[in-house]
Each structure stands twice: as structure tokens, then as C-alpha cells.
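Novice: give me coordinates for this.
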Amino acid sequence: MPLTLRFSDDEARDLAEMLSMAAAVAAANQQDGAEARLAAWGKLISRLMEELSSTSRLKGRIAYADDLGGYAFTREYEENAFYQDCLDEYRDNIFWADLVTRMADKAISEHLGPEYFENMPEEDRRQTAEALEKSLWQECARYGIDRLGFILPPTDG
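Specialist: As a prediction, this is how the structure comes out:
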């Protein structure tokens, strides 16, 4: 049974931006076996973007992209799109959260011993790292990477 939805021009734009954001996040999925689902998502997103391209607000802002093999926003539209700001903020938060977690895990692993740390249940690992992660998060929030240092082995320097 076909589905019919009616959107205002603003809602159509927001839906198209949400679809583009979902496509960008899904494209980062490198899991083995995800290819078929990602292809299905890509086809659906392209089909919906093609339909949305006919709305007055999006006319000329969505086009077929040969490099993507489907319909997507034009580069000009993407440059100032709200969803790009959302993606940038998401990537930034993921970067800092992952950096802090990895730094805490590395420090604790060195302190307790890698084998002991690796054999700890995940919940215990996270609980053990919590206070250090909080301190590292505050440090990174305050100074960014300005006070981070790398100690390379003598063979690398």
C-alpha cells in the first residue's frame, strides 16, 4: 500500500536535511556485512531526495550526484546547511569523547597491567576509568590539545 505524506516547504527541507545527515552517518559504517543494508538505505534516501527536490524550497538545491550514484544536496547548499553544523558538532564530540576514553584506558592499562585491564569486565573498566576520564575531559575542554604531549619511542624519533 503506497504511503502519502504531506509536508510544508520548511518540513520538506528539514526532512531532506535529516536524510542527508543519516546518509553521512551511515556512510561511516565500516562493519563487515553492512553493505547490503547501506545500499538499501542509499537507494531509499536517493528516492526520497528526488521526490523532495520538486518542492519549491528545494528546487535546484537537490540534484543527481554521479559520484554518489543518487540524489543529494548540491555542494553549494551543503556549505551553509544546518545539518552540516549538526554533523560537525557530532564529529567534534565523538572525537573528544573517544580521545578521553582512549587516554584513560591507556593510562590505567599501563598502571594495572595490560593483561589485567583487558580481562576486567567492561563495567569495571568504565567504573575504574570514570574519575580519570572526567579529569581528562576537563583538561581537554579547557586547553584542547595544547597541553597534550606524545612520547615517541627512540626508534621513531
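
Novice: residue ranges of the strands in the protein, please?
Specialist: 62-65, 70-73 (DSSP state E).

Novice: what's the most buried one of these?
Specialist: Among the strands of the chain, strand 70-73 has the highest mean neighbour count (mean count of other CB atoms under 10 Å), at a mean of 21. (Each C-beta comes from the backbone N, C-alpha and C, glycine too.)

Novice: got a list of contacts for that strand?
Specialist: Identification of contacts with strand 70-73 by CB atoms under 8 Å, 6 or more residues apart in numbering yields 16-17, 20, 23, 42-43, 45-47, 49-50, 53, 61-65, 81.

Novice: how about low-confidence regions in this protein?
Specialist: In the predicted model of the chain, residues 157 satisfy pLDDT under 70.

Novice: mind listing the helices for it?
Specialist: 9-27, 35-52, 75-79, 82-112, 114-119, 122-143 (DSSP state H).

Novice: between the longest one and helix 9-27, how many degrees?
Specialist: The one in question is helix 82-112. Angle, helix 82-112 to helix 9-27, by axes from the mean of the first three to the mean of the last three CA atoms, to 10 degrees: 30 degrees.

Novice: residues touching Arg125, list them.
Specialist: By CB under 8 Å, 6+ apart, the neighbours of Arg125 are 105, 108, 117.

Novice: cool, Leu15 as well?
Specialist: So Leu15 contacts 7, 48, 52 (CB under 8 Å, 6+ apart).

Novice: make TSV out of those and add neighbour count.
Specialist: Converted to TSV, these look like this (neighbours: other CB atoms under 10 Å):
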residue	neighbour count
Phe7	14
Leu48	14
Leu52	21
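
Novice: closest to Ala141 out of the contacts of Arg125?
Specialist: Ranked by distance to Ala141 (CB to CB), the contacts of Arg125 are led by Asp105 at 19.0 Å.

Novice: can you count the residues close to the closest one?
Specialist: Residues contacting Asp105 under the criterion other CB atoms under 10 Å number 18.

Novice: list the contacts of Glu139.
Specialist: Per CB under 8 Å, 6+ apart, neighbours of Glu139: Arg147.

Novice: how about a cut-off of 10 Å?
Specialist: Contacts of Glu139 were listed using CB atoms under 10 Å, 6 or more residues apart in numbering, and they are 100, 103, 146-148.

Novice: using CSV, write out the CA atom coordinates for stretch 88-96.
Specialist: Output of stretch 88-96 as CSV, limited to C-alpha atoms (Å, rounded to 0.1, in the frame of the first residue of the first chain):
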residue,chain,number,x,y,z
ASP,A,88,30.4,18.9,12.7
GLU,A,89,29.3,19.2,16.3
TYR,A,90,28.6,15.4,16.4
ARG,A,91,32.1,14.6,15.0
ASP,A,92,33.7,17.0,17.4
ASN,A,93,32.0,15.5,20.4
ILE,A,94,32.8,12.0,19.3
PHE,A,95,36.4,12.9,18.7
TRP,A,96,36.9,14.3,22.2
